[in-house]
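*Asks:* missing the sequence, but the structure's below:
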């Protein structure tokens, strides 16, 4: 090893150390945990090595419920939040007056604490002995029958969950998309205008392709973020998510480790690796789609 | 298609919102552009030339005045109904589309009776590509083309709808020097071949001089002069035009007319007729100096630059405006490079007298 590369390694050392200790080692440790059958925390011992942990997790109804919840959450919130964010950004970039005000309003949820937002949602949706919740009051006002959104039917809880998630992830997407829209060369629009291009065609043929790298970025990070959802659920439905039937995969992992039924690091590790495999697959599919669509134009 | 600009005026609100007064970008522009000609709008940055172009195009609405294409009043028409093609300074090609798709883009917008079949569009795009000689590049994306090629695509895109008027905004400023020379010939050729009335904007006088049928010199929103290129150089309408055109620029002196003779400083340089005694601003083109050991204009010599075909003497004079005088003399002139002073005869045909306060031409 010559002096130059020795120096480079020296500079890389802090990063390598940190990543190694806090990222690489745990990852391998989780893999090891996930194949150790009947691991016991107290004695640090296990019976043998095999696939039992995985087959247990995949047969556990709580895990299957969590898997279903997570998938519904991902499939609904990612397209909906990206779509609405795109709509709002396009509108934001076309208004002149009060633009800063709107931008601030839309960005506020981003800097608001999750639990504080959860509290607000409680006020909106939760039934208490004193009130049916704000949304129910509105439904009543229109003559409808109220629904218990927090402890009621599954679809109502799912609705609140998706609504909350969309609302929480939207500001960041709006921020990214408005800046992406602003960075599109204005001359392209002028050229399109000279050629008499209708507005929808300008959007579809110019705006969308130009900001598509950013949209793909948001979709990928959106998928990953939604798959890792957990704290938002706790904020609304409390810590016993299994009882509420609103658990997510990450919630399941947490419960397996520390929850009331916890103390099973092997099951938690197996569930975590299943999640890892799912996210990896989805991200790869996303990247493939992106490549196929040739989304590189705008950033070249 | 002739273009008539009638009292064209454009006001913008002041950037500083506290100031109510509006900024005049273009002031009372009247001009009739003859059919099938190539017109250069020339002026320094911010003189209103691009605003004028945008108003002809329809991207901006004039505050006052009318625009006619032939006999049609197009002032209130949007760009697509005017029949204009525009080439932007940055070309504004759609980066995610190939050259062919870029050229076809305007055709795909056509509606109703004008709508074309796919085959017709491809044929038209290829015809336009042939005109600008990029047939072989049609499947490339803009990022895979050189600046010059991109510009040809932009011109083809502007021409594909057979516009009545072609507008070019600083068409050459993003090209390197060699390509610029080549491309301006190309623009001239395309304009001749198509016969489309063309207006182009430039701040480069050489560009304007070399290919325009007529030049419009603008400054601070006001048209200074409209004339043929040589005419603008030989007979500038005022001091601004004289200073703006010509490389090296015209040399300016403070002078005095006294008893039928022109004085620059203490030097009595020539006779003048028809001008009463008064202070004047004297403009002498670089080629208006003839080295002569007995010449009347006595200058301090700073240096001699030999440039092959001719020689440039850099000099100074107490009455000059600016930092130095740059003259161009034929290379066979006898010059002593080591001398501190140099004397010149001044060619009356290359000398113009201006009113020092208004800049108007007094005589020559």
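*Replies:* All right, it came through fine. Here the structure is a predicted model, which means the values were calculated and not measured.

*Asks:* Who's the closest spatial neighbour of residue A:119, skipping the chain neighbours?
*Replies:* residue A:235 (7.8 Å; CB to CB, 6 or more residues apart in numbering or on different chains). From N, CA and C alone the C-beta is placed, and that goes for glycine too.

*Asks:* same question but for residue B:263, I mixed them up
*Replies:* For residue B:263, the spatially nearest residue (CB to CB, 6+ apart) is residue B:256, at 4.5 Å.

*Asks:* Give me the neighbour count for that neighbour.
*Replies:* Residue B:256: 16 surrounding residues under other CB atoms under 10 Å in any protein chain shown.

*Asks:* hang on, the earlier thing: would you confirm that the residue nearest to residue A:119 contacts residue A:114?
*Replies:* Yes. Under the criterion of CB atoms under 8 Å, residue A:235 makes contact with residue A:114 at 5.4 Å.

*Asks:* For the residue of chain A found nearest chain B, what is the enclosing helix or strand?
*Replies:* Here the residue of chain A nearest chain B is residue A:196; by CB to the nearest CB that distance is 2.3 Å. Mapping residue A:196 onto the secondary structure by DSSP states H and E places it in no helix or strand at all.

*Asks:* sorry, back to before: where does the residue nearest to residue B:263 sit: helix, strand or coil?
*Replies:* Secondary structure of residue B:256, reduced to three states by DSSP: H, G, I helix; E, B strand; the rest coil: strand.

*Asks:* Doesn't residue B:361 belong to a helix?
*Replies:* No. If the criterion is three-state DSSP, then residue B:361 is strand and not within a helix.

*Asks:* before we move on, back to that, residue A:235 and residue A:114: which is more packed in?
*Replies:* Neighbour count, other CB under 10 Å: between residue A:235 and residue A:114, residue A:235 has more, with 20 against 15.

*Asks:* which residues sit in contact with the more buried one?
*Replies:* Residue A:235 sits next to A:114-115, A:117-119, A:121, A:164 when contact means CB atoms under 8 Å, 6 or more residues apart in numbering or on different chains.

*Asks:* what residues does chain A put near chain B?
*Replies:* Chain A comes close to chain B at residues A:185, A:187-188, A:190-198, A:201, A:205-206, A:209-210, A:294, A:297-298, A:300, as judged by CB under 8 Å from any CB of the partner chain.

*Asks:* Just the pLDDT for residue A:28.
*Replies:* Reading off the per-residue confidence, residue A:28 sits at a pLDDT of 90.

*Asks:* swap in residue B:273?
*Replies:* Residue B:273 is assigned a predicted lDDT (pLDDT) of 77.

*Asks:* That one: how many residues sit nearby?
*Replies:* Applying the criterion other CB under 10 Å, we find 6 residues in the vicinity of residue B:273.

*Asks:* Am I right that it is in contact with residue B:262?
*Replies:* No. Contact status for residue B:273 versus residue B:262: not in contact, 10.5 Å apart, counting by CB under 8 Å.

*Asks:* where do the strands sit along the stretch 151-300 of chain B?
*Replies:* The residue ranges that make up the strands of the stretch 151-300 of chain B, judged by DSSP state E, counting those that start in this stretch, are B:165-169, B:197-202, B:214-219, B:222-227, B:251-258, B:261-264, B:267-271, B:278-284, B:289-291, B:297-306.

*Asks:* any idea which of these scores lowest on pLDDT?
*Replies:* strand B:267-271 (a mean of 78).

*Asks:* Would you mark the buried spots in that one?
*Replies:* B:267, B:269-270 (16 or more other CB atoms under 10 Å in any protein chain shown).

*Asks:* Grab the nearest non-local neighbour of residue 182.
*Replies:* No chain specified, so I'll use chain A. For residue A:182, ignoring the flanking residues on the chain, the nearest one in space by CB to CB, 6+ apart is residue A:93 at 6.5 Å.

*Asks:* um, chain B though
*Replies:* Beyond its immediate neighbours in the sequence, the residue positioned closest to residue B:182 (CB to CB, 6+ apart) is residue B:148, lying 7.4 Å away.

*Asks:* For that neighbour, give its distance to chain A.
*Replies:* When CB to the nearest CB, to the nearest Å is the yardstick, residue B:148 and chain A sit 18 Å from each other.

*Asks:* Which strand or helix spans that residue?
*Replies:* Assessed by DSSP H and E, residue B:148 sits inside helix B:147-159.

*Asks:* my read: residue B:289 touches residue B:333, true?
*Replies:* No. Applying CB under 8 Å as the test, residue B:289 and residue B:333 come out as separate, 9.7 Å apart.

*Asks:* Quick check on these two: which one has the bigger neighbour count.
*Replies:* residue B:289 (28 against 14).

*Asks:* distance of the more buried one from residue B:314?
*Replies:* 11 Å (CB to CB, to the nearest Å).

*Asks:* Which neighbours do these two have in common?
*Replies:* Counting by CB under 8 Å, 6+ apart, the shared contacts of residue B:289 and residue B:314 are B:325, B:327.

*Asks:* Please name the residues that touch the closest residue to chain A within the stretch 251-364 of chain B.
*Replies:* Evaluated by CB to the nearest CB, the stretch 251-364 of chain B has residue B:359 as its residue closest to chain A, separated by 35.4 Å. Residue B:359 makes contacts with B:238-240, B:281, as judged by CB under 8 Å, 6+ apart.

*Asks:* Over to residue B:47?
*Replies:* By CB under 8 Å, 6+ apart, residue B:47 lies in contact with B:218-221.

*Asks:* a helix runs through it, doesn't it?
*Replies:* No. Remark: residue B:47 does not belong to a helix; assigned using three-state DSSP, it is coil.
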